[in-house]
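> With the sequence up front, the predicted model follows.
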Protein chains: 6
Amino acid sequence: MRILVANVNTTASMTEAIAQAARAAAAEGTEIVPITPAFGAESVEGNYESYLAAVAVQEAVRDYEGEYDAVIQAGYGEHGREGLQELLEVPVVDITEAAASTAMYLGHKYSVVTTLDRTLPLIEDRLLLAGLSARCASVRASGLSVLELEQDRERTVEALVRESVRAVEEDRAEVICLGCGGMAGLDEAVREATGVPVVDGVAAAVNIAQSLVSMGLKTSKVRTYAPPRPKGLVRPVAGTS
Amino acid sequence: MRILVANVNTTASMTEAIAQAARAAAAEGTEIVPITPAFGAESVEGNYESYLAAVAVQEAVRDYEGEYDAVIQAGYGEHGREGLQELLEVPVVDITEAAASTAMYLGHKYSVVTTLDRTLPLIEDRLLLAGLSARCASVRASGLSVLELEQDRERTVEALVRESVRAVEEDRAEVICLGCGGMAGLDEAVREATGVPVVDGVAAAVNIAQSLVSMGLKTSKVRTYAPPRPKGLVRPVAGTS
Amino acid sequence: MRILVANVNTTASMTEAIAQAARAAAAEGTEIVPITPAFGAESVEGNYESYLAAVAVQEAVRDYEGEYDAVIQAGYGEHGREGLQELLEVPVVDITEAAASTAMYLGHKYSVVTTLDRTLPLIEDRLLLAGLSARCASVRASGLSVLELEQDRERTVEALVRESVRAVEEDRAEVICLGCGGMAGLDEAVREATGVPVVDGVAAAVNIAQSLVSMGLKTSKVRTYAPPRPKGLVRPVAGTS
Amino acid sequence: MRILVANVNTTASMTEAIAQAARAAAAEGTEIVPITPAFGAESVEGNYESYLAAVAVQEAVRDYEGEYDAVIQAGYGEHGREGLQELLEVPVVDITEAAASTAMYLGHKYSVVTTLDRTLPLIEDRLLLAGLSARCASVRASGLSVLELEQDRERTVEALVRESVRAVEEDRAEVICLGCGGMAGLDEAVREATGVPVVDGVAAAVNIAQSLVSMGLKTSKVRTYAPPRPKGLVRPVAGTS
Amino acid sequence: MRILVANVNTTASMTEAIAQAARAAAAEGTEIVPITPAFGAESVEGNYESYLAAVAVQEAVRDYEGEYDAVIQAGYGEHGREGLQELLEVPVVDITEAAASTAMYLGHKYSVVTTLDRTLPLIEDRLLLAGLSARCASVRASGLSVLELEQDRERTVEALVRESVRAVEEDRAEVICLGCGGMAGLDEAVREATGVPVVDGVAAAVNIAQSLVSMGLKTSKVRTYAPPRPKGLVRPVAGTS
Amino acid sequence: MRILVANVNTTASMTEAIAQAARAAAAEGTEIVPITPAFGAESVEGNYESYLAAVAVQEAVRDYEGEYDAVIQAGYGEHGREGLQELLEVPVVDITEAAASTAMYLGHKYSVVTTLDRTLPLIEDRLLLAGLSARCASVRASGLSVLELEQDRERTVEALVRESVRAVEEDRAEVICLGCGGMAGLDEAVREATGVPVVDGVAAAVNIAQSLVSMGLKTSKVRTYAPPRPKGLVRPVAGTS
C-alpha cells in the first residue's frame, strides 16, 4: 500500500525527517510518499501559518498524480484535515488525533508536550473538535520552536522530559504524546527518562492509516465529507516569498 | 470609523449585498469597506472551500493598504477568524459568533437556520470552539444552496420560516439566527412569520465591531493571537480557475 | 435612546459612579437613567443580598414611569436578569454577561477579577447559566469588599493587577473582565500594568444595549420570558432597615 | 425534630396541602411547621414570581421565631435556596434537588413532569446549577397551571401519565419526578399507570432533611454560604396587592 | 426494616467496623445485617480487586436467604452497584454516591479524601457515571492503604486533615467526603480540625436506604435494571487463595 | 505476534466465530488465540452478566500460561478492561473502544447499533468513561438478543440496516459501529445497504492491538494500571450452573 505523508511546513529537511519516521513505523510493503507544500511557512507555529498550511497541503495533494491508499497530515494541532476528507475517498489521518487515540489505549489520561506556548490553544482546539479531549490531562509547551528542535537534540530531550515529568506528576498524565511532527524519533529517550509510554504521532498515524486501509474502510461521503459541489473556483498557487 | 467587511465567496454581487447589509446596520460615521477574496469558491459550502476562503481573506486583508479600525469576516461557519486575529491588532469579528452572542441576550436558547445540510457540522464546530454552543438549541438546514438564496426570495423565506418554526416548536429555540451572509435582509420577513426575534449576523457583527472600537478594545497579543514570528514564508496568490 | 441602568446596591454614590461610567461609554444621543433600589443591601456580596437586589431592581423598574429602550442590570454575578426579561419587551443586559461576551472577541480565554472570595461561586454560576463559561479561564478574588474598592484606589488597582497577572500567567487568560460594577474606570490602569485588554462590564453592557436597540431587537416572548400571567400578587416594598 | 416547610406561593390552601404531604412522609417525632410567604404570587410560574418567592421565603424564615432543625423550600425549579443557606446553619433542602438526587438511586435516567411549558427552563437551570442534570432525561410540561392541578385531579393524573409515558418511551427515563409542590399525593396514581418509580419532591426533601439532621450535618460556612456580612440593609415587607 | 451492608473486602474485622458505623447511623428499628464476600481481596485498592469484589458481593447477596429491604455496597469507588440493581427489587445504595449526593446539600463543592493515589481514577469514574461529578472539586489521596487506616488512627487523622485542608483551600471544596468504608468514625475528628462538614459514606448510605424504603421506592425495572434474562449461567465460587 | 482474544460469553461457538473474525482481520504473522471464560453467562446482556464476564475473563487470562503480545476483550459495552490492564503489561484493547476510535477517523459522528434496548446504557457508559462519546450520535438497539443474532442472519441484517438508516438520517451519524462481538462478518452487508462505512469492533481491535505491539507500546504502570499490590486474595472458580 502507498501512503502520502504531508509535511505542513515548507522545509524540505523536515519532510525528509518525517518521511524517515513514517518509514520506520510502516509495515513491510507500505510505501511512504512524502509531500512538501508549495507555499506557506518554513515552520508552522500559529493560526495564520496553520491555515496557509491547510490550503497548501490540500492543493499539493490535489496536484499529486499518483495512486495512494491513505493520506497523513503530519502537523500537530493544524487546521485542514476536514478539507482533505472532502477531496478524497481514501482515509485521512491527522497526527494530533492519531497520537491521542493511541495514547488512550495505554493509560487513564494523556498529556501532549509540544513546542511554543502560543500553539497550545491550537492543539486543545483540535482535540476538542476531534472529540478526544475528555481524557487529555494537559497540553504543555517545551518553549522550543519547531526549528530549534532540530538544532540541539540534547536540549530538546531535556525540555521534553522536564515537561513530561510535570505532566505525569502535576497533571496526572499516564502517557505522553510528542506534540510536533519534528519530534519523531525522540520517543525512546523520553520514555526512558520518564518511565511512561510515549507516543509519536507520525508512527501512530502510519499504523492507523494502515489499519483503515487493511479493513477496507474509507471516508464517509454521506454528509460532512461529501465531495465539494461543482462550482466556479480559483485555486491558489505559490506567490511571492 | 472604518470597518473592512470580507466576503468569503469570490462572487462580487454577494460582496455588494453584504456591504449593503453592513451599511444599513452601521452607525452614522462608520464607513464599510467591502473586500472580495482573490481566489477560492464562488460560494463557500464545505470545508475545502472554507479553508480556501480563510486563506484568501487573510491575504486580501494583508494586501489592503488603507487604514481601518476593525474587520468582519462575513461567512457563516467558516474557518479563518483566528488567523486574522494574529495578523491584526484591530478587533476581528466573525458573523457566526456575532449572531450567536447577540441572540443569547434575547432568549433562553437560539437556533441557526442555514443553507445545506452538509454545512451544519461546520457551524456546530465553530460555535463549539467559540464557547457559544451551550445555549444553541439546533442548527437547521433550509436545503437551499448559497446561490439559490439569491435567485428566489419567496422560496427562500418560505424555507427559512419552515425550519425556524420547527426550531421554535421542536427544538425549543426562542431566537433565530440567519445562518448565511447571503440571508442579510431577510430577518424582518422571518420575524413576522414566526413571532420570535431574528438576528442577522452581518448586522450583529457591525454593531459588535463598532462597540469594540468605541471602547478602545483590541485583540490580546499575549499568547494565542501574538503576531506570526518572522520566518521564511511563501504567500499564495490566485492561480488557475 | 434612553437606557435605564440599575444599581443593585442601595448606595446612592455607587449609582452615581455607575451612571458616570455608563455615560462615558454611551454614544451621542444615548441618555443614561440611573436607578437605585428602594430596599436591599448597601453593597451586595452574597446570595441573600443578591436575591434582595434582584427583587428590588425588578420593583424599581416596574415603578419607573418614563419611557426607555433598554435596561442594564449593573451588578456582577447577581440574580435577577430573567425576571426583568419577563416584565419587559425592551432588551435587558446583565453586566456579567456583557463583559464575558465582549471579552470572548478579544482573546482565547478570559478571567474575571472580582471582590471577595465568597462571591466567586455566584459569578461562576451566572456564567454557567448564561452559557458563557466554556472560555472562562478563572474567576479570581482581589480580597477587597465592594465598599473598600471606592476608598483606596491605589490599593484596589494593586490588588486587581496582582490577580490579573496570575490569571494571565497561571490560568492562561488573555483578557481580564473587571468583576464589579464599582470597578468602572479602573480598566485603563489594569490594562497598562498587565498588557492585556481589560473589559469593564458597564461599558460593555451600554454598548450591547445600544446595539440591540439599534437593530430593533427585543426580548423573545415565546416561552421563557413571556409576561407573567395575570394572578393574585402582593408586591414587596421597603420595610425596616 | 422540627422542620420548616416553606411554600413559595401565597395561597394558604397550598401551604396546607404541602404540609400534609410532608407530614405523611415524616418520621415519627418529626414536626412539620408550614410557612406561607407574606408577599409574592398566589402561584409561582416564572422567573419574576420565583424571585419574589425567593425573597419572601427568606424574609418569612428570618422572621420565624421558633426553633427548627432544617428548612425545606417547597417550590419546584425556584430561586432562593442559596440565600437561605447563607442565613442559616441548619440544612436547607430544595424539593427540585431532593427529587432528582432521590430518583438517581432508582434508575439510570430520570425525567421531571411539571406544569407549564414556560417553567421548563427554570427547572433545567436549577438542575444544572445543582450538578444534578447529567442523568436528567428530560423535563416535560403537562400544560396545566399550578392552580389547575388542584381543581381537577382526574385530568391532572391523565396529563401526568401521558407525559410520563412519553418520558419513559421517547426520552428513555426510568424514574419520574413530579415537578410541582402541588402534585404531592399523585405519585401512587402515576406509578400504577406507568410502572416506573415516581418521586414526590416534598416527601424526598423531608427524608433528606431528616437524614442530614440525624447525622448532625450542617451547612458549610467556609465560603459560599458564610453568613451575610454586617452592613446597612433595608428589608422588604408586603406592600400593595 | 432490615438493611444488608456488604463489605467489599474479605477482611471480617472490616465488615464488623462497617456494620458498627452503619448501626450508629441507623434509625431505631433498622436492623443492619453485614455481609463479607466469599472471595476477592482482603482490601480492595484497584480495578482488578474491585471487579472481584463486585462479583463476590453479587454472589453473596444472591446466596443470602433472609428477607431485607435494601442493600448498601460499602466500598468507595468500587464496581458492581448496577449488577445488584438488576438482581434485586429493593433499593441498592453505593456509599460513594451516597456521600456525594449528601455533601451536595451542604456546600457549593465537595472533595473526596481517600487512600492511595492509584484509586483516584476509580472514584472519579464512579462519580462521573453516577452523574455526581459536576460539583466535585477534587479527589485526593492520603497515601495510606486501606489496611494502614486501621493500624494508626492518629496518623490517619493527620493525613486526612492535611488533604482536607488542601481540598478546602486549593481546590475550593466546602465539604469533605471520607473516601473509604474503613474511615467510618473519623468524620468528627476531621470536622473539628477543618471546620467544614464531613460526610461518612456508610452513614449517608444508611440514611438514604432508610429514606427510600420509608417512601416505598424500589429500583426501576423498565430497562437498565430489568432482571437478568433466563439463560445458561455458571456462577463462580471461592477457589484457591 | 500472538494476540489473546477473550470472548465474554461462555458459548464456545461464539468464541470460534469471534476468533474467525479476528483471524480474517489479522496481518500475516499474527496468531489469534481465543479464550472462553470458565464461568458466567452463555450470552452477556446486562450488568450482572457483564460483571461476571469481567471477572471470568480476568481469571482466564491469568490462568493462560503461554506467551502473548496483546489481549482483546471481545464484548461490546462490557466491564473489565481496566482490571486486565492492571494484571498485564501488554496492551489490552476493548472492542467497544476500538470500534469507536476507528469510526471517528471516517466521519463526523458515529452510531452504534447493538442488540437489546437494555444494553444501551452499558455501551453509553463505557464510551463516556473511555472519553469517546463526544462524537457518538446515538446507540441504537436492533431488538435482537445475542443468541438470536446467530440464528437468523437475514433477519439480523434487516434489523441492523433499519436502525443504521435511522441513525444516519435521524441522528446524523456518518459511520456505523456493529455493537456486538457476534455481529462480526455482517459489516459488508450493512455497508452495502446503507452506503456508509461500517466498523466491526473485533477487526478494529485486532488492528489496534497489532499497531500498539508494532510500535512497542505497553500499558502505563505509573498509576491507574499499576499491578495489584501483594495481599491476601481468594480467586473465584467456576461453581454450579
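Nice, I can see it.
> A:Glu78 versus the most centrally placed residue in chain A, what's the distance?
Residue closest to the average C-alpha location in chain A (C-alpha atoms, centre = their mean): A:Ile95, at 2.9 Å. Applying C-beta to C-beta, to the nearest Å, the value for A:Ile95 to A:Glu78 is 9 Å. (C-beta placed from N, C-alpha, C; glycine too.)
> just A:Ala184 next, same as before
15 Å.
> so does stretch A:57-69 get close to chain F?
No - using C-beta under 8 Å from any C-beta of the partner chain, stretch A:57-69 stays clear of chain F, coming no nearer than 13.8 Å.
> How far off centre is that stretch?
17 Å (C-alpha atoms, centre = their mean, to the nearest Å).
> likewise stretch A:84-100?
The answer for stretch A:84-100 is 9 Å, by C-alpha atoms, centre = their mean.
> From start to finish, how long is that stretch in a straight line?
Taking C-alpha to C-alpha, to the nearest Å, the first and last residues of stretch A:84-100 lie 20 Å apart.
> A:Phe176 should be in a strand, yeah?
To be clear, residue A:176 is Ile; Phe isn't right here. Yes - when DSSP: H, G, I helix; E, B strand; the rest coil is applied, A:Ile176 is found to be in a strand.
> Give me the buried positions along stretch A:147-156.
A:Leu147, A:Glu148, A:Leu149, A:Glu150, A:Thr156 (16 or more other C-beta atoms under 10 Å in any protein chain shown).
> what sits up against it?
Residues outside stretch A:147-156 that contact it (C-beta atoms under 8 Å, 6 or more residues apart in numbering or on different chains): A:11, A:13-14, A:17, A:42-43, A:115, A:142, A:144, A:180, A:182-183, A:186.
> Swap in 7 Å and give it another go.
Here stretch A:147-156 makes contact (C-beta atoms under 7 Å, 6 or more residues apart in numbering or on different chains) with A:Ser43, A:Thr115, A:Leu144, A:Cys180, A:Gly182, A:Met183, A:Leu186.
> Neighbour-wise, give me the winner out of the residues you listed.
Counting neighbours by other C-beta atoms under 10 Å in any protein chain shown, A:Cys180 leads these with 34 neighbours.
> Please tell me how far that one sits from A:Val190.
12 Å.
> Overlap in contacts, these two.
Shared contacts of A:Cys180 and A:Val190 (C-beta under 7 Å, 6+ apart): none.
> Restricting to C-alpha, output whichever strand or helix holds A:Leu212 in CSV.
In this structure, A:Leu212 is located in helix A:201-214 according to DSSP states H and E. The C-alpha coordinates for helix A:201-214 follow below in CSV (Å, rounded to 0.1, in the frame of the first residue of the first chain):
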residue,chain,number,x,y,z
GLY,A,201,2.1,11.0,16.2
VAL,A,202,3.7,10.1,12.9
ALA,A,203,4.2,6.5,13.9
ALA,A,204,0.7,6.3,15.3
ALA,A,205,-0.8,7.8,12.2
VAL,A,206,1.0,5.4,9.9
ASN,A,207,-0.3,2.5,11.9
ILE,A,208,-3.9,3.8,11.9
ALA,A,209,-3.8,4.5,8.2
GLN,A,210,-2.5,1.0,7.5
SER,A,211,-5.3,-0.4,9.7
LEU,A,212,-8.0,1.5,8.0
VAL,A,213,-6.8,0.5,4.6
SER,A,214,-6.4,-3.1,5.6
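> Give me the buried positions along it.
A:201-214.
> helices or strands next to that helix in the packing?
Applying 3 or more C-beta pairs under 7 Å, 6 or more residues apart in numbering or on different chains; DSSP states H and E, we find helix A:201-214 packed against helix A:12-25, strand A:70-73, strand A:92-94, helix A:95-103, helix F:201-214.
> where's the fourth one relative to the chain centroid, distance-wise?
Helix A:95-103 has its average C-alpha position 9 Å from the chain's average C-alpha position, going by C-alpha atoms, centre = their mean.
> Now do that helix: which elements does it pack against?
Partner elements for helix A:95-103 (3+ C-beta pairs under 7 Å, 6+ apart): helix A:120-129, strand A:175-178, strand A:198-200, helix A:201-214.
> Helix A:12-25 and that one, what's the angle between them?
If you take axes from the mean of the first three to the mean of the last three C-alpha atoms, to 10 degrees, helix A:95-103 sits at 30 degrees to helix A:12-25.
> Enumerate residues external to helix A:95-103 that contact any of its residues.
A:72-74, A:76-77, A:110, A:123, A:126-127, A:130, A:132, A:136, A:175, A:177, A:181, A:199, A:201-202, A:204-205, A:208, F:101.
> just the second one next, same as before
The list of residues contacting strand A:70-73 from outside it, by C-beta under 7 Å, 6+ apart, reads A:3-6, A:8, A:57, A:61, A:80-81, A:84, A:88, A:90-95, A:205-206, A:209, A:212-213.
> Buried among these? Make that a ChimeraX selection.
To isolate the buried subset of the contacts of strand A:70-73 in ChimeraX, counting by 16+ other C-beta under 10 Å, use the following:
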select /A:3,4,5,6,8,57,61,80,81,84,88,90,91,92,93,94,95,205,206,209,212,213
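> of all of chain A, which residue lies closest to chain E?
Chain A approaches chain E most closely through A:His108 (4.7 Å), counting by C-beta to the nearest C-beta.
> For that residue, which non-adjacent residue is spatially closest?
Using C-beta to C-beta, 6 or more residues apart in numbering or on different chains and skipping the chain neighbours, the partner closest in space to A:His108 is F:Thr224 (4.0 Å).
> ok, and the one you found, which helix or strand is that part of?
Assessed by DSSP H and E, F:Thr224 sits outside every helix and strand.
> contacting residues for it?
A:Gly107, A:His108, A:Glu174, E:Arg118, E:Pro121.
> Try it again at 8 Å.
Going by C-beta under 8 Å, 6+ apart, F:Thr224 touches A:Gly107, A:His108, A:Glu174, E:Asn47, E:Arg118, E:Pro121, E:Leu122, F:Glu82, F:Gln85.
> where's it relative to A:Gly131, distance?
For F:Thr224 relative to A:Gly131 (C-beta to C-beta), the value is 21 Å.
> now the helix or strand of chain A with the lowest mean pLDDT, how far from the chain's geometric center?
Lowest on mean pLDDT, DSSP states H and E among the helices and strands of chain A sits helix A:146-151, with a mean of 86. Counting by C-alpha atoms, centre = their mean, helix A:146-151 is centred 16 Å from the centre of its parent chain.
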